[in-house]
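Engineer: Provided below for reference: sequence and predicted model.
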Amino acid sequence: MTSRTIFITGAAAGIGRATALTFARAGWTVGGYDVDEAGLASLATEVAASGATAITARLDVSDSAAFAAAVGDFVERTGRLDVLLNNAGILNAGRFEDIDVARHQREVDVNVRGVVNGLHAAHPHLRPGSTVVNLASASAIYGQAELANYSATKFFVRGITEALDLEWGAQGIRVVSLWPLFVETAMTQGVSTGTTESLGIHLGPQDVADQVLAAVTPSRLARTLHQVHFPVGRQTRALSLGSRFSPAWLTRLVNKRLASH
């Protein structure tokens with residue numbers, strides 16, 4: 001295959017699915033991976049209807065051996081890996097102590113271990129010009145009440161993105177992250193926190209998918225500025241900009257007010 005390729009985790013629904021279809025419409029070969037096999041089957045049908053090629057398979061991102069095998073098979077079948085999108089994630093909302101520790105640990109397994117596994121599995125197949133996109137969150141700007149563990153996992157994603165951008169930049173590999181606020185997907189259905197009440201949910205999966213495409217096909221100016229983190233939506237851009245210039249006490253106060261704590 002000669003078309004550019006993207007490997008997407010959490011591709012059966014939500015942001016992952018919207019991104020897969022967006023890249024398919026742009027002529028890319030799409031790899032879709034998820035634990036939802038029925039969702040992947042319908043995704044493959046939609047991608048084929050757009051005239052693009054889809055390779056799909058079940059993948060639990062917390063399984064490092066399975067992740068490495070999936071990436072290896074994808075590259076063997078396509079001949080290249082242009083983009084890795086670490087999108088799979090879990091969100092548990094509520095007071096930290098009210099959430100069972102097993103749910104906290106599973107959130108870490110997917111949101112943290114899954115990203116580590118993806119990065120490690122993909123690296124041997126990345127080449128100069130390849131891009132890794134990690135799905136972080138606006139909750140990586142400041143720790144979020146009622147999303148404490150989820151927020152902490154996204155701080156990890158932020159940190160490893162920044163570090164590998166420095167390490168892998170010398171190899172010609174870009175590592176970036178996206179920071180959406182709340183997105184209208186199954187992940188946020190039924191979620192009610194102080195922050196969701198005060199800020200609302202104004203983004204859809206397509207908003208994030210469009211930003212993924214923009215991040216991996218940057219303009220010459222964007223490449224010159226070497227942007228690493230991409231806020232998605234006006235609210236996230238405002239929060240990100242504000243946190244850069246406000247003193248720590250003010251950033252904490254703003255977040256406390258937003259969370260109604």
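Structural biologist: Yep, that arrived.
Engineer: hey, where'd the helices end up in the stretch 1-150 of the chain?
Structural biologist: Per DSSP state H, counting those that start in this stretch, the stretch 1-150 of the chain carries helices over the ranges 14-25, 37-49, 64-78, 101-108, 114-122, 148-169.
Engineer: give me the residues contacting the fifth one.
Structural biologist: If I follow you right, that is helix 114-122. Residues from elsewhere that reach helix 114-122 (C-beta atoms under 8 Å, 6 or more residues apart in numbering): 7, 9, 61-64, 67-68, 70-72, 81, 84, 86, 88-89, 132, 134, 156-157, 160, 164. C-beta here means a position set from N, CA and C on the backbone, and glycine is covered the same way.
Engineer: rounded mean pLDDT for that helix, please.
Structural biologist: In this model, helix 114-122 has a mean pLDDT of 98.
Engineer: could you list the buried residues of it?
Structural biologist: 114-119, 121-122 (16 or more other C-beta atoms under 10 Å).
Engineer: what's the farthest-apart pair in those?
Structural biologist: Farthest-apart pair in the buried residues of helix 114-122 is Gly114 and Ala122; separation 12.2 Å (C-beta to C-beta).
Engineer: what's the neighbour count on Phe96?
Structural biologist: 14 (other C-beta atoms under 10 Å).
Engineer: likewise for the one 5 residues further on?
Structural biologist: By the measure other C-beta under 10 Å, the count of residues near Val101 is 10.
Engineer: list the contacts of the spatially closest residue to Ser3 that is not a sequence neighbour.
Structural biologist: Spatial nearest neighbour of Ser3, chain neighbours left out: Thr29 (4.9 Å); criterion: C-beta to C-beta, 6 or more residues apart in numbering. Applying C-beta under 8 Å, 6+ apart to Thr29 gives the contacts 1, 3-6, 52-55, 78.
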